[in-house]
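**Student:** Sequence and computational prediction follow.
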Amino acid sequence: MTLDAKIPSGPLAEKWDRHRFEMKLINPANKRKYSVIVVGTGLAGAAAAATMAELGYNVTALCYNDSARRAHSIAAQGGINAAKNYQNDGDSIWRLFYDTIKGGDYRSREGNVYRLAQVSNNIIDQCVAQGVPFAREYGGYLDNRSFGGAQVSRTFYARGQTGQQLLLGAYSALMRQVGLGKVDLYTRHEMMDVVLVDGHARGIVARDMVTGKVVSFAADAVILATGGYSNVYFLSTNAIACNVTAAYRAYKKGAAFANPAFVQIHPTCIPVSGDHQSKLTLMSESLRNDGRIWVPKNKGETRGPNDIPEEDRDYYLERKYPSFGNLSPRDISSRSAKEVCDEGRGVGPTGYGVYLDFRDAIDRLGKHTIEARYGNLFQMYERITGEDPYTLPMRIYPALHYTMGGLWVDYNLMSNIPGLHVLGEANFSDHGANRLGASALMQGLADGYFVIPYTIGHYLATAKQEKVTTDHAEFKKAEEDVRGRLGKLLDLNGSRTVVSIHRELGHIMWEYAGMARNGAGLKKALELIPQLREEFWSNAKVVGDGENVNHSLERAGRVADFLEFAELLCHDALNRNESCGGHFREEYQTEEGEALRNDDDYAYVAAWEYTGVGSEPILHKEQLEFENVKLQTRSYK
Amino acid sequence: MKLKLHIWRQKNTRAKGKMVTYEVDGIEEDMSFLEMLDVLNEKLILNDEEPVAFDHDCREGICGACSLTVNGIPHGPEKETTICQLHMRKFKDGDEIYIEPFRARAFPVLRDLVTDRTAFDRIMQAGGFVSANTGGVPDANAIPISKKDADKAMDNAACIGCGACVAACKNASAMLFVAAKVSQYAYLPQGQTERKRRVLNMVAQMDREGFGNCTNYYECEAVCPKGISVSSIALMNRDYLRASLTEKEEA
Ligand SMILES: Cc1cc2nc3c(=O)[nH]c(=O)nc-3n(C[C@H](O)[C@H](O)[C@H](O)COP(=O)(O)OP(=O)(O)OC[C@H]3O[C@@H](n4cnc5c(N)ncnc54)[C@H](O)[C@@H]3O)c2cc1C
Ligand code: FES
């Protein structure tokens, strides 16, 4: 396997322009002779499908949701970054680039990240043109807020529903193209495999989730925009159906999986309340603009939060990181919360919680202002916990939220399988070992609106392939494999539900590959996961048939893939003998407990090649070159 | 707590459905309504019975997937709350709960509580957009928009497309859904160019999908989990009237 990142030469600021000039074009009249499959209609997929259709390509789009509008992107709350510098507070493309590289703990590519910062501004323009109702100031201009890891205000938002509004923008563009007949949309279709012909990605096999039919789609290129894999931990802030299947199937067909151990644990989620818990709910990071995070100074504190006087409170983020305080990056904030809880100073019934307190902000700004800023989040909190955050501080605890790792892609967003492109959270490209808040929406839309529409043309123009149809033997074989696998799942008739096994997998992952990891724990996980997989295939139970809506079968297929993928994640975490970003290895920390990076040995992307179920994958290294920023120890003090 | 559930079961669109009664025990007040159904489903699976199918995904009240009619009310008893956000502390031991799909001619049942709401997508395809191709648009701050208008647009844009409005309406009208989209764009300068065709085309598609007429019962507003106001319907009606005097629907 060779991994060529294909970063264009030349000065950083000119790379993308130069590359756009050098790429081959397809003339407008010829574009309709090409077809592209887009799996996923989240921000990345919907933006890509709509834009490519506008350009003239024939697009087939699929998603497992009942409507393209319901992709998980819809749930993003806080906002989207851009280097507009509308606030005149010193922002620039360079600063957004620099913050992102630094925030990612120097484990991402300069070239990709710089391009991301460059196109960030076009995204905001595009969304406004589509009618996305971003928040505005009284003068009629766009408003901004701050997010973690930045000292400028560059986050655009639409109340607490930014993801919803951006996705509805992309969805409306997609609906327009569907209406015009340029996109064939298949909802409630789950991709089960990718099909390669002569080494090129030429299509996919999917299952119609209403009729159970296994169907193939052929095209000149395939794009996966299938989101992240947080749900390998069972509990996460992701929607219930989010899964790794599409990416994992591509991995099994030879696509390299990069940095799977880089996952993000979000500091502000509502704590777990019991064993029945099916998911966790995020409280947007934007709350940290006005909320102060604290725990009691003393272990065994029994007073209620409002009875604890100032001198007995420990605002630990403000204490440890005075310049960023409550807006310290996510990895640092999460780990600090775990630390104070492990010390026995956590709050709430389980002791795994910290306070996020709005008392001072309400005193300073008035309840009305806080309500206007965060009303819907406060309401959501109250519904779930039965407590009123205007009078009692919120209780929060970190939870799995986002996955920086994903399928390896080059600068053109193409995987090592020719023709297979990967966008959005599903790829690994821009966030290194830690993603800054409000940057996933930016990346998804950058990939979909402004990168792939160019780079796909170059691929199609240079690959020059024969047309294939779904009658090709490779499709028939892939369909057979998929049917065989579905049959195997339907035959499972043991004594445990799939959900209970998934929950157990989540426990293993959270315990041994969660916020803090160590070699011994990861080795333990690598023993436990195969045992649990064995348990699944011998003792899980799937009911119903393959010809009707069958949620039991759907879940089983996803969990089966998680049970293999979890091992890959642990191998990666075990290999990386350093702490960086979201990957904290307890063996590698400073005396003060800060992450200890090892740039000499680990300044590389770890891209893994599949070798078989349960067998150790092969590591390929893409060395990261830093020509424009100096690698420094991240400091938010 | 222990509950008695009456749930609509239907194998597929062609099959005949019926209400079936189940009992669940050990329900805690911190559970969400859907987590309560998870408990039932785990039990059914271990009993070799098929779990109750229902749409859900985000479980945070934003994706619009969940769509249950609970005790006759779409999304259940709590105001401005999707069923996935309703917690069991609102119920008490011994309660009987009736759970049905969102019923409407335009939303055929696919299985149990799962319906096909793609009619909404087709209405969107008819005009629920601003025709702005990617690229070549002006700077985002080039056109100031008053905060008031932006806020009104946002109030309408908050629609999650769940279809509760349709399920609540005795005519199964989709007016609130369509009006929310039409109004969002009507409040924004970007929406003006296509304002007339948009309303004509969307309403025409709504009629083709078999949704009923609005006869001002306002049940839609009462159940809307996002609190979208029926005043949007009034705005749409005005726009529609104006547009139909001057423009023709474009097929
Ligand atoms: C609660 C929450 C809040 C967030 N808030 C923010 C924020 O404020 N700012 C920010 O920048 N980021 C935020 N994020 C992160 C951000 O929302 C996601 O990273 C981003 O939306 C992912 O977009 P995507 O297009 O890559 O994938 P998704 O939106 O996850 O879409 C995946 C798509 O792929 C489809 N799909 C997947 N697998 C298959 C398959 N096998 N077959 C067919 N279809 C398939 C799905 O149907 C779906 O359409 C948040 C995330 C969460 C969980
Ligand atoms: S499950 Fe998403 S709104 Fe209820």
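**Tutor:** Structure received. Fair warning: this is a prediction, and the values are worked out from it, not measured in the lab. Numbering: from 1, shown residues only, chains lettered A, B, ... in the order given. Ligands and ions are numbered 1, 2, ... in the order given.
**Student:** What is the burial count for residue A:471?
**Tutor:** Other residues within reach of residue A:471, judged by other CB atoms under 10 Å in any protein chain shown, total 9. C-beta coordinates here come from the backbone N, C-alpha and C atoms, glycine included.
**Student:** again with residue A:176
**Tutor:** Around residue A:176 there are 25 other residues, counting by other CB under 10 Å.
**Student:** what residues are up against it?
**Tutor:** With contact set as CB atoms under 8 Å, 6 or more residues apart in numbering or on different chains, residue A:176 has these partners: A:50, B:125, B:129, B:131.
**Student:** what's the burial count for the residue nearest to residue A:179 when sequence neighbours are not counted?
**Tutor:** Leaving out its chain neighbours, the residue that sits closest to residue A:179 by CB to CB, 6 or more residues apart in numbering or on different chains is residue B:125, at 3.5 Å. By other CB under 10 Å, the residues close to residue B:125 number 24.
**Student:** okay, the contacts of residue A:176 in JSON lines with distance to residue A:444 and secondary structure next?
**Tutor:** Below are those laid out as JSON lines (distance: CB to CB, whole Å; DSSP: H, G, I helix; E, B strand; the rest coil):
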{"residue": "A:50", "distance to residue A:444": "13", "secondary structure": "helix"}
{"residue": "B:125", "distance to residue A:444": "23", "secondary structure": "helix"}
{"residue": "B:129", "distance to residue A:444": "19", "secondary structure": "coil"}
{"residue": "B:131", "distance to residue A:444": "22", "secondary structure": "coil"}
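**Student:** show me what contacts residue 183?
**Tutor:** In the absence of a named chain, this looks at chain A. Listed by CB under 8 Å, 6+ apart, the contact partners of residue A:183 are A:49, A:50, A:53, A:59, A:60, A:61, A:174, A:177.
**Student:** meant chain B actually
**Tutor:** Applying CB under 8 Å, 6+ apart, we find residue B:183 in contact with B:152, B:153, B:156, B:232, B:235, B:236.
**Student:** Against chain A, which of those residues make the cut? List them.
**Tutor:** Filtering the contacts of residue B:183 for proximity to chain A by CB under 8 Å from any CB of the partner chain leaves residue B:153.
**Student:** Which one of the contacts of residue B:183 is nearest to residue A:117?
**Tutor:** Proximity of the contacts of residue B:183 to residue A:117, judged by CB to CB, is greatest for residue B:153, which lies at 28.5 Å.
**Student:** Touching, the closest one and residue B:184? I think so.
**Tutor:** Yes. In this structure, residue B:153 is within contact of residue B:184 by CB atoms under 8 Å, at 4.9 Å.
**Student:** helix or strand for the residue in the stretch 151-251 of chain B positioned nearest to ligand 2, which one?
**Tutor:** Using CB to the nearest ligand atom, the closest approach of the stretch 151-251 of chain B to ligand 2 is made by residue B:160 at 6.0 Å. Secondary-structure element containing residue B:160, defined by DSSP states H and E: none, the residue being outside all helices and strands.
**Student:** Give me the nearest residue to it, chain neighbours excluded.
**Tutor:** The shortest distance from residue B:160 to any non-neighbouring residue, by CB to CB, 6+ apart, is to residue B:64 (3.5 Å).
**Student:** tally of neighbours for that neighbour?
**Tutor:** Neighbour count for residue B:64, taken as other CB under 10 Å: 28.
**Student:** I figured it hits residue B:164, correct?
**Tutor:** No. Under the criterion of CB under 8 Å, residue B:64 lies out of contact with residue B:164, with a separation of 9.1 Å.
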